[in-house]
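K.L.:
take a look and give me a structure for this.
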Amino acid sequence: MTTSLTLDKILSNKKINPYSKNKSIQQLRDEHRTSNKSLPLPKNTKWKRVNANGVPAEWIFCGNENSDSVFLFIHGGGYYRGSVEASRSIAARISAVSRMRCLSIDYRLAPENVFPAAIDDTYTAYKWLIKQNINPKKIVVGGMSAGGGLTLGLLLKLKDLKESQPAGGVPISPWTDMTQSGKTMHTNAYIDPIISKEYLDRMSKLYLGGVSPKSKLASPLFGNLKGLPPLLIQVGSAETMLDDSRRFAEKAKIANVDVEYENWKDMFHGWHGSAHILYEAKSAIQSIGNFCNRVLNK
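P.N.:
Down below sits the predicted model:
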């Protein structure tokens, strides 16, 4: 099947059951769990549960059990859903192409746990890795959507605390602006089958719990980006959240951050999860592997 036909089929399937404000949080969680349950894992994938100083986590290997470098993977899900299990396929594919071990974390979710619970758990897991005698320069941090926001929030938190930065960060379609002020929230509203401003407005309120949406650890776009490590930012051109990535990349470049910005034509939010059938998803993950190789061998 050609890429265009595969993409059309994926998008058609996603349009069958659109988001509705009338769906409860539990309904949305159940739908996410069901849709990600059958994602195939690459060959030779292994995983092992671990407690990262109180944060439930999972080592995920795809032929790299003895690697001395680690990719800290942070799943997406609007801060209210998602899990290590649901994102295991993506983490395993990153492990395979980067030749790194992946530590994937189950951070606390809203609305049961509001800001800053998720960023606190991400920081705790990062510090746990260092306590395992893993050099920060052997760590790359990355995640999708909310996980991309947490990736950047972690880097800003480490900067504030004057602690060691990892070798690099890989925010994938990161949620960087909880005010939803990007123009593509409107210009891409009719072509994005997954994420809407209405959806993000609802989930940001659940997560923030009354905190300002411009808090830099929740909305990294509003932080001082000077001094951040090298970044690879990937986003799809069809996403309502496109401007979250574009504006962050532009601001980071002005701050003299080493930024690789990839805008993938026609790709939708979370396209990496279709790497088993979609060429662009497989290629995007390979690009992550190339980036990791570059920053780990500087």
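K.L.:
quick one, strands of the chain?
P.N.:
For the chain, the strands defined by DSSP state E cover 45-52, 55-62, 70-74, 101-105, 139-144, 168-172, 231-236, 259-264.
K.L.:
contacts for the fifth one next, please.
P.N.:
Same thing as strand 139-144. By Cβ atoms under 8 Å, 6 or more residues apart in numbering, the residues outside strand 139-144 that reach it are 69-76, 87, 90, 94, 98, 100, 126, 129-130, 148-151, 154-155, 166-174, 232, 270, 272, 288, 291-292, 295-296. Quick note: C-beta positions are derived from backbone N, CA and C, even for glycine.
K.L.:
low-scoring stretches of the stretch 101-250 of the chain, by residue?
P.N.:
Along the stretch 101-250 of the chain, the model assigns pLDDT under 70 to no residue.
K.L.:
buried ones in stretch 202-220, by neighbour count?
P.N.:
Of all the residues in stretch 202-220, those buried under the rule 16 or more other Cβ atoms under 10 Å are 202-204, 206-208, 213, 215-220.
K.L.:
report pLDDT for E65.
P.N.:
For E65, the pLDDT comes out at 73.
K.L.:
burial of it, as a residue count?
P.N.:
E65 has 12 neighbours, counted by other Cβ atoms under 10 Å.
K.L.:
same deal with the one 10 residues further on?
P.N.:
For H75, the tally of surrounding residues (other Cβ under 10 Å) stands at 25.
K.L.:
am I right that it is in contact with E85?
P.N.:
No: using Cβ atoms under 8 Å, H75 makes no contact with E85, being 9.3 Å away.
K.L.:
all helices for the protein, in order.
P.N.:
Secondary structure of the chain by DSSP state H: the helices cover 3-15, 25-37, 88-98, 117-131, 146-160, 184-187, 197-208, 242-254, 279-296.
K.L.:
out of those, which comes closest to R81?
P.N.:
Taking Cβ to Cβ, helix 25-37 is the member of these nearest to R81, at 4.4 Å.
K.L.:
contacts for that closest one?
P.N.:
Here helix 25-37 makes contact (Cβ under 8 Å, 6+ apart) with 17, 19, 23, 77, 80-83, 85-87, 89, 111, 206, 273.
K.L.:
what do you get for stretch 109-122?
P.N.:
25, 55, 74, 77, 79-82, 105, 107-108, 146, 150-151, 153-154, 157, 203, 206-209, 211, 215, 217-218.
K.L.:
the residue nearest in space to the middle of the chain and G76, how far apart?
P.N.:
Nearest to the geometric centre of the chain sits M144, at 1.7 Å (Cα atoms, centre = their mean). From M144 across to G76, the span is 4 Å (Cβ to Cβ, to the nearest Å).
K.L.:
can you list residues touching both of those two?
P.N.:
Both M144 and G76 are contacted by S87, S173, G270, under the criterion Cβ under 8 Å, 6+ apart.
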